[in-house]
Each structure stands twice: as C-alpha cells, then as structure tokens.
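1. Next comes the sequence, and after it the predicted model I'd like to discuss.
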Amino acid sequence: MNDQKSDASIVKAAGRGVIYITFAKAWFLITGVALGLVLPRVFKWSAGSEEAGMALYGAYGIVFTGVSFINNTLITGTIQAVSKFTSEDESRAGAVRRTGLLVQGGIGVVLGAAYAVLSGVLATYWFKSPGLADLMRLSAGIIVAYACYGVFIGSFNGRRRFNRQAAFDVTFSTLKTVLIILAVMTGLKVLGTVLGFLVTAVLVAVVAGVASRQPVHGTFPARRFLQFDSLLLLYTFILNLVLMLDLYLLAGIVPRLAAASGLDATAAALLNETRAGQYKAVQQLAFIPYQAILAIAFVVFPLISKATFDEDEEKACGYVRQTMRFAAIFVTGFAVVFFALPEQAARLMFPPEYAIIAPALRTLSLGIVAFGLMVVGNTILNGSGHPWRALAVVCAGLAVAVVTVYALVSAAGHGTDSLVAAASGSSAGWLVALVVCGVIVRRRFGAFMPLFTALRVAAAAGVALAVGRFLPVKGKVLTLAECAAVFVVYFVVLALLREFGRKDLDQLKHVMRRGK
C-alpha cells in the first residue's frame, strides 16, 4: 500500500512537473518570439536599410550560434548528471550539488577560455567577418555562468522541485529578453545582445545558487560524477553540433561560393551575413515545436532513472511508451502549423523581406519532428544509464548531416536555394538518428513509439496540412486565426481517431487535483 501511494505521489509530481516546465518552456517560446519580432526591426531601424538590418541579424545569429552551442551542451548534460545522482538518493543532494559545482564550474572555465581564444580564428578565417571576433570573445563569459546554473537547476530537477526549476527558467528568459531589447535600443546593436545575455546569466546563476543550497551529508565522488557526466557532455556536444551544424556550414560555404562567382571580400561577407540572417529566422520558427516538448524530456529523465535504478522494468516500459506517445502528438501538432503555413508564419514573425525563407521553413519544420522525438528517446537512454547508446545515435545523425548539408549547399550555390539545401541536409541527418534511436530503445525496453499512435498522428497531420494549403496569405490577425485553425484541425482529427481524448483529459485533471 505504501509503495502504491509512493508511486501515485511520484506520478502526480511528474504530471505537475510537466505542467510547470511546459509553462516555463511556453514562456520561453513567447519571449523568444518577442525577441524575434523586435530584433530584426530594431536592427533594420539602426542600420537604415533592409539588407543591412538583415546582415546585423545574421551577425547576431553567428555570434550566438557558437556560444549557444556550448551553453546547450553544458546545461543539458549538467542538469541530467546532477539530476540522476540526486534522484537515486535525495539524502545526498547537497553532496552531489557541491561535487557538480566543482566539476562543472571547472569545465565551464576551461570551455569559456578556449572559446575566447578560438573566436578570432572562427570569425576571421571561417566566417570571413573579423569584426565579430571581439563580440564572440565577450560572449565566452556566458558559458561560465551557464555551467554553474545547470548544476543548480539539476539539483531542483533531481529532487522533483519542478516548480522552482520552472520559476528560474521563466525569470531567466524574461530578464534576458528585456535586457537585450533595451541594450539594442540604446544603439549598441549586436554588442547590446551580448551584454544583455551576459548580465542575465550571471545574475540568475547567483540567485539560483542561493536558492538551491542543501545540507551536505558526506561526500559524493568526483570521479563517479565525471565518468557519467563526461559521457553526457560528449553526447550533448554532438547533439547540439547536429542542431547548429547547418548554420555554421552555410555561413562557411556561402562566402567561398560568392567569392568564386566574382564578388569581392566585402560583398561576400555582407551576402554571407544576409544568408545567415535568413537561416537564423528559419531556425527561430522551426525550433519552436522542439522547445515545446522539452518539458517532457526534463520530467521523464528522473522517472526513468529511478525506475531503472530500482530494476522495475515494467514501470520503465510504461514510461517509455507514454512518453514517446505524448511527444509525437505534441511535436507534430506544433510542427504541422509551420509546415502548412510557412509563408504566413514568416510574415507574422519577421519583416516582409523575410518571406523568402518559406520553402526552407517548410523543410526544417518537418525535420524537427524527427529531431524532437530522437532527443526524447535519447533522454530515456541517458536516464537509464546508457549514454554510450545515445551517443551512437547522435553520431549517426551527425555523420549523415555533415555529408548532406555540405553536398547540398555546395551544389545549390550562394543564392536562396542554399537555405533549402541546408534545411534538407539537416533533416536527413535527424531522420536517420531517429531510426537508430528507435531500434536501440525498443531493444532495451521492448517499447518505443506505439504503431497506431504513429499512424494516427500522421493521418491527423495530413488532414491539417491539406486544410492549411487552401488558406490565403493575409494580414497578421488572420494569420493567427489560420495557425490556430490548423492546430485545432489536427487535434480534432486525433480525437475522432480516438488517439487523444477523455482519458488524457482525465489524467490531466488528476494531475492538477490537489490533496492526497
């Protein structure tokens, strides 16, 4: 009886955790949309022309792609490592937090220093934009703050304090957005974005450190932490490399193609930053479905970790099946909006000149479904103590993405076709990674994506897409209504197919219900 009550309590806490973190991720998306709406327009106003404003947005994308790549590697790997050892035995939460801070703080300092040193080489010789070097060096300070912040959030996650985790994520995204916009509006341009982000990262990390303090009972071995953490960091490093590879390759290939066509170095650099700005806009929209389901991955990690630690295979199998089911439903639901209405979404988010990104957005929004499901599947593997298997998945995706992005962009030239080429190459790599992940997870747990869920989700997405193709490109208010209509059609079809219905709503009510 006590075990049943404990399981019910854990399930309810997990359900509430999904709600808390989903809200935080939704708020992250809202602030990201706000930033995406404001920055291109402020850059355009600051530069005085459409092309120069797009180039500034591209410079912003290049500067933050590298530091975001390292940050995402640190934050994901750190949270999962701290969460795993904390969730297995909460009495050692303080010791794990202290060890994690020593290990990850040191790693953050090393990576930040390395990035600052290499920034000049990247800006000058790869991107052919030496003026970006100092901005990239300054952004290295964000890496150190993020490394510490990840330890504190991982401690909250491992103790299933999802409300506190969500509160800090909301605070971080809000403060970052406000400070960046204010700094840019004062005329600091791309420098303002770096300063706004840096100040936010330092302030929130300090506050989270104070709030996450726990009594330290004994010690937790740094060697054991590092053994598991190093594999997670390597995994998340390659995972985020797969995620940002297309923009980096695009920004490295385009100036060379432009120079080969006869453009001088200055014109080639301007064209490159323009293409980078356009592709950054594609990513800004296409990644929304992935961000929307990250809450599922954050919550399932400690659950899978605890179930496998207790050797409860039946419970672990159930977690896998339900997690992949909900992930498929929601990531597809968000992605189908951008796949069906790419031009409308681009015009809604960005100034009119960004409508050119629509074909690439349609391609990348399809690929992000595969990427999101692969990430959730790999989270299950990491949580169950199999980071090497998750690593094999992302290595397969990386290999395919490198070859296909490089080949397709090189063949497409430096025109706008290069945007679709980069999106196609990335999507191919993500699809291969999802297939490999599905095979490995099924062999380990005997479950992955329920077959009928996959078929019903595909059918619902097909109907929603068909409806979206007949909707006209109109004003912003009508575009919002069209996006909502496609989303509603998708879920109505799922309800008619009995894939998503009263039982799911009842589970949600149970999770939200207070009391014992």
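-> Done, it's in.
2. can you list the weak-confidence ranges in the chain?
-> Low-confidence segments of the chain (pLDDT under 70): 1-19, 22, 295, 298-302, 306, 309, 501-502, 504-516.
3. And the spatially most central residue of it, how far from Asn72?
-> Centroid-nearest residue in the chain, with Cα atoms, centre = their mean: Gln291, separated by 5.1 Å. For Gln291, the distance to Asn72 equals 11 Å [Cβ to Cβ, to the nearest Å]. Just so you know, the C-beta spots here come from the backbone N, C-alpha and C atoms, and that holds for glycine as well.
4. Could you identify the helix or strand that succeeds the strand or helix carrying Leu111?
-> Assessed by DSSP states H and E, Leu111 sits inside helix 93-121. Next helix or strand after helix 93-121 toward the C-terminus (DSSP H and E): helix 133-138.
5. quick one: whichever helix or strand comes after that next one to chain centroid distance?
-> Moving toward the C-terminus from helix 133-138, the next helix or strand (DSSP H and E) is helix 140-158. On the basis of Cα atoms, centre = their mean, to the nearest Å, helix 140-158 sits 16 Å off its chain's mean C-alpha point.
6. so what secondary structure elements neighbour helix 140-158?
-> Contacts defined by 3 or more Cβ pairs under 8 Å, 6 or more residues apart in numbering; DSSP states H and E place helix 140-158 against helix 50-88, helix 93-121, helix 162-183, helix 189-211, helix 294-309.
7. residues near Ala95, how many?
-> Ala95: 21 surrounding residues under other Cβ atoms under 10 Å.
8. list the contacts for it?
-> With contact set as Cβ atoms under 8 Å, 6 or more residues apart in numbering, Ala95 has these partners: 216-220.
9. List phi and psi for His217.
-> phi -110, psi 110 (degrees, to the nearest 10).
10. residues in contact with it?
-> 91-92, 94-95 are the contacts of His217 under Cβ under 8 Å, 6+ apart.
11. Repeat that for Thr171.
-> 204, 207.
12. make it 7 Å
-> Val204 (Cβ atoms under 7 Å, 6 or more residues apart in numbering).
13. Next one: it from Leu494, what distance?
-> 34 Å.
14. Same question for Asp89.
-> 40 Å.
15. So between these two, which is more surrounded?
-> Between Asp89 and Leu494, Leu494 has the larger neighbour count (other Cβ under 10 Å), namely 24 against 13.
16. Give me the helices and strands touching the helix or strand encompassing the more buried one, please.
-> Following DSSP H and E, one finds Leu494 within helix 476-496. When contacts are defined as 3 or more Cβ pairs under 7 Å, 6 or more residues apart in numbering; DSSP states H and E, helix 476-496 sits against helix 313-340, helix 342-349, helix 451-469.
17. Let me see the residues that make contact with the shortest one.
-> For helix 342-349, the surrounding residues in contact (Cβ under 7 Å, 6+ apart) are 33, 36-37, 285, 338, 354-355, 357-358, 361-362, 473, 476, 479, 482-483.
18. For these, work out which two are farthest apart.
-> Leu37 and Arg362 (20.8 Å; Cβ to Cβ).
19. So the two - more neighbours on which side?
-> Neighbours were counted for Leu37 and for Arg362 using other Cβ under 10 Å; Arg362 has more, 21 against 15.
20. hang on, the earlier thing: scan the contacts of Ala95 and report the most crowded one.
-> Of these, with other Cβ under 10 Å as the count, Phe220 tops at 20 neighbours.
21. so how far is the host helix or strand of Val394 from its chain's centroid?
-> Secondary-structure assignment from DSSP H and E places Val394 in helix 387-412. With Cα atoms, centre = their mean as the basis, helix 387-412 stands 17 Å off its chain's centre.
22. Over to stretch 97-106?
-> That offset, for stretch 97-106, works out to 24 Å (Cα atoms, centre = their mean).
23. Also stretch 451-466?
-> 24 Å.
24. Quick check: buried residues in it?
-> For stretch 451-466, a neighbour-count test (16 or more other Cβ atoms under 10 Å) marks 453-454, 456-457, 460-461, 463-465 as buried.
25. does Thr193 really touch Met185, like I thought?
-> No. Thr193 is beyond contact range of Met185, at 11.3 Å (criterion: Cβ atoms under 7 Å).
26. Can you pick out the residue with more neighbours from those two?
-> Thr193 (26 against 13).
27. Run through the neighbouring helices and strands of the helix holding Val394.
-> Applying 3+ Cβ pairs under 7 Å, 6+ apart, one finds that helix 387-412 contacts helix 222-260, helix 358-383, helix 417-445.
28. 10 Å instead?
-> Helix 387-412 is packed against helix 50-88, helix 222-260, helix 358-383, helix 417-445, with contacts defined by 3 or more Cβ pairs under 10 Å, 6 or more residues apart in numbering; DSSP states H and E.
29. who does the second one touch, helix- and strand-wise?
-> Secondary-structure packing of helix 222-260 (3+ Cβ pairs under 10 Å, 6+ apart): helix 50-88, helix 93-121, helix 265-286, helix 358-383, helix 387-412, helix 417-445.
30. what inclination does the third one have with respect to helix 342-349?
-> Taking axes from the mean of the first three to the mean of the last three Cα atoms, to 10 degrees, helix 265-286 and helix 342-349 form an angle of 100 degrees between their directions.
31. What residues sit buried inside stretch 387-401?
-> Buried positions in stretch 387-401, judged by neighbour count with 16+ other Cβ under 10 Å: 387, 389-398, 400-401.
32. CA atoms only for that stretch, dumped as CSV, please.
-> Extracted in CSV, the C-alpha atoms of stretch 387-401 (Å, rounded to 0.1, in the frame of the first residue of the first chain):
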residue,chain,number,x,y,z
PRO,A,387,24.8,7.3,-22.5
TRP,A,388,27.0,5.3,-25.0
ARG,A,389,23.9,4.2,-26.9
ALA,A,390,22.6,7.8,-27.0
LEU,A,391,26.0,8.8,-28.2
ALA,A,392,25.9,6.3,-31.0
VAL,A,393,22.5,7.7,-32.1
VAL,A,394,23.7,11.3,-32.4
CYS,A,395,27.0,10.3,-34.1
ALA,A,396,25.0,8.6,-36.8
GLY,A,397,22.9,11.7,-37.3
LEU,A,398,26.0,13.9,-37.3
ALA,A,399,27.7,11.9,-40.0
VAL,A,400,24.7,12.0,-42.3
ALA,A,401,24.1,15.7,-41.7
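33. I'd like the numbering to begin with 11 instead of 1 from here.
-> Got it, first residue is 11 now, which makes that one stretch 397-411.
34. I'd like the helices and strands packed on helix 486-506 laid out as a markdown table, including distance to Ala277.
-> A markdown table is the format used below for those (distance: least, Cβ to Cβ, whole Å):
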| stretch | distance to Ala277 |
| --- | --- |
| helix 323-350 | 32 |
| helix 352-359 | 25 |
| helix 461-479 | 38 |
